[in-house]
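> Just to be clear, the model below is a prediction. Sequence and coordinates:
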Amino acid sequence: MKKMVISPMAFLPFITALISVFLTSSQAAAPKTSFEDNFSIMFSENHFKTSEDGNTWFLSLDKETGCGFQTKEKYRFGWFSMKLKLVGGDSAGVVTAYYMCSEKEAGPERDEVDFEFLGNRTGQPYLIQTNVYKNGVGGREMRHVLWFDPTEEFHTYSILWNNHQLVFFVDRVPIRVFKNNGEKKNDFFPNEKPMYLFSSIWNADDWATRGGLEKTNWKKAPFVSSYKDFSVDGCRWEDPYPACVSTTTKYWWDQYDAWHLNDDQKKDFAWVQRNLVIYDYCKDVERYPKLPGECSLSPWD
Ligand SMILES: *[C@@H]1O[C@H](CO)[C@@H](O)[C@H](O)[C@H]1NC(C)=O
Ligand SMILES: *[C@@H]1O[C@H](CO)[C@@H](O)[C@H](O)[C@H]1NC(C)=O
């Protein structure tokens with residue numbers, strides 16, 4: 001991670017974040033679930049493995065194919081979280097995606113919320129790309145570098161989703177805030193369709209690393225990404241749809257406090273903005289001479 005130029009002082013906000021992770025981790029110990037309870041394999045059963053105790057899952061990619069899994073249930077609003085450890089070493093061209101999507105196949109009307117991890121050559125930093133789709137329209141990418149090497153340990157990647165905001169978290173640090181505008185209908189904020197949660201690994205050396213310049217080194221295959229501690233605290237889709245949105249604290253992810261960042265989160269978010277953002281579609285006036293309307297919504301509100 002030599003390439004990251006971050007002064008040691010810049011890490012200060014993280015001390016608060018780390019302490020709060022530490023304090024909340026005991027209460028957050030969710031009951032263990034086995035893979036089959038909540039997930040099914042989307043493709044390539046034979047590229048999927050679990051650890052002996054069943055708690056860690058491995059997806060692998062080789063020249064033949066990648067692999068992916070998805071939740072059996074759909075959800076609309078909640079807190080979605082999982083620990084991932086990414087492919088290490090020479091992983092240029094390899095993309096691990098962790099995302100929510102309203103459809104099993106990427107259809108033209110889908111809503112989608114993405115975390116994508118773009119591998120790199122040995123010793124060069126991974127990028128994390130996030131994106132949001134509404135009714136099949138995306139193009140809302142942001143890219144960040146991370147403040148750690150995501151291939152060394154498991155880290156937690158989470159999505160907070162309610163009708164007011166979508167927040168992407170890495171180890172409880174908010175790295176991206178995507179706001180709704182409070183109006184009944186809009187063409188940018190996914191809030192109507194329930195979504196499955198997916199993860200997959202595949203070869204994207206046509207675009208991922210330095211715009212497709214770096215090709216996947218198949219001598220290093222299989223590429224393996226690892227997963228554990230899936231947890232959802234959200235509204236499971238049922239028919240008829242349950243009234244998950246209520247005033248009880250049970251649905252904390254839909255309460256006033258979850259409609260905007262709190263003060264500590266704002267400090268961390270400011271640090272991320274200053275040090276880690278390397279691409280923001282809302283600043284790309286070459287691509288969007290007229291910036292999309294949602295770009296005028298403030299993440300600080
Ligand atoms: C996972 O599956 C179990 C068993 O079907 C169920 O009780 C639990 O609510 C599911 N978890 C989620 C997050 O949907
Ligand atoms: C890979 O490393 C290079 C050189 O440090 C960097 O420019 C690039 O943004 C990194 N990530 C990807 C996905 O290309």
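Looks like it arrived, so ask away. Ligands and ions are numbered 1, 2, ... in the order given.
> can you map out the strands along the stretch 201-301 of the chain?
223-236, 277-280 (DSSP state E, counting those that start in this stretch).
> Need these in a markdown table (columns: mean neighbour count and mean pLDDT).
Every C-beta, even on glycine, is put in place using the N, C-alpha and C of the backbone. What follows is those, written out as a markdown table (neighbours: other CB atoms under 10 Å; pLDDT from 0 to 100):
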| stretch | mean neighbour count | mean pLDDT |
| --- | --- | --- |
| strand 223-236 | 20 | 92 |
| strand 277-280 | 14 | 97 |
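> okay, those strands in a markdown table with distance to residue 138 next?
Below are the strands of the stretch 201-301 of the chain laid out as a markdown table (distance: least, CB to CB, whole Å):
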| stretch | distance to residue 138 |
| --- | --- |
| strand 223-236 | 22 |
| strand 277-280 | 14 |
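> of all these, which lies closest to ligand 2?
strand 277-280 (6.8 Å; CB to the nearest ligand atom).
> ok, residues contacting that closest one?
Here strand 277-280 makes contact (CB atoms under 8 Å, 6 or more residues apart in numbering) with 127, 129, 141, 142, 143, 144, 145.
> can you count the residues close to the fourth one?
Think residue 142. 20 (other CB atoms under 10 Å).
> Just the pLDDT for it.
Note for residue 142: predicted pLDDT of 98.
> do you know how far it is from ligand 2?
13 Å (CB to the nearest ligand atom, to the nearest Å).
> thinking again about what came up before, can you tell me which of the contacts of strand 277-280 has the most neighbours?
Ranking those using other CB under 10 Å puts residue 144 first, with 22 neighbours.
> Please report phi then psi for that one.
phi -130, psi 150 (degrees, to the nearest 10).
> Just give the nearest non-adjacent residue to it, would you?
Residue nearest to residue 144 in three dimensions, not counting chain neighbours: residue 276, with 4.5 Å by CB to CB, 6 or more residues apart in numbering.
> Could you pull up the residues touching residue 73?
38, 196, 236, 237.
> where does it land in three-state SS?
Three-state assignment for residue 73 (DSSP: H, G, I helix; E, B strand; the rest coil): coil.
> Just the pLDDT at it, thanks.
pLDDT for residue 73: 92.
> Just give the closest residue to the spatially most central residue of the chain, not the sequence neighbours.
The residue lying closest to the centre of the chain (CA atoms, centre = their mean) is residue 115, at 3.3 Å. The shortest distance from residue 115 to any non-neighbouring residue, by CB to CB, 6+ apart, is to residue 98 (4.5 Å).
> The one you found belongs to a strand, doesn't it?
Yes. With three-state DSSP as the criterion, residue 98 is assigned to a strand.
> what element comes up after the lowest-mean-pLDDT helix or strand in the chain heading to the C-terminus?
Lowest on mean pLDDT, DSSP states H and E among the helices and strands of the chain sits helix 12-25, with a mean of 43. Helices and strands here follow DSSP states H and E; after helix 12-25, the next one along the chain is helix 35-38.
> Just the C-alphas of that following helix, formatted as CSV.
Extracted C-alpha coordinates of helix 35-38, given in CSV (Å, rounded to 0.1, in the frame of the first residue of the first chain):
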residue,chain,number,x,y,z
PHE,A,35,-24.9,-21.2,4.3
GLU,A,36,-27.9,-23.2,3.1
ASP,A,37,-30.3,-21.4,5.6
ASN,A,38,-30.0,-18.1,3.8
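> Give me the buried positions along the next helix or strand after it.
Going down the chain from helix 35-38, the next helix or strand is strand 39-43, by DSSP H and E. Neighbour-count burial for strand 39-43 flags 39, 41, 42 (criterion: 16 or more other CB atoms under 10 Å).
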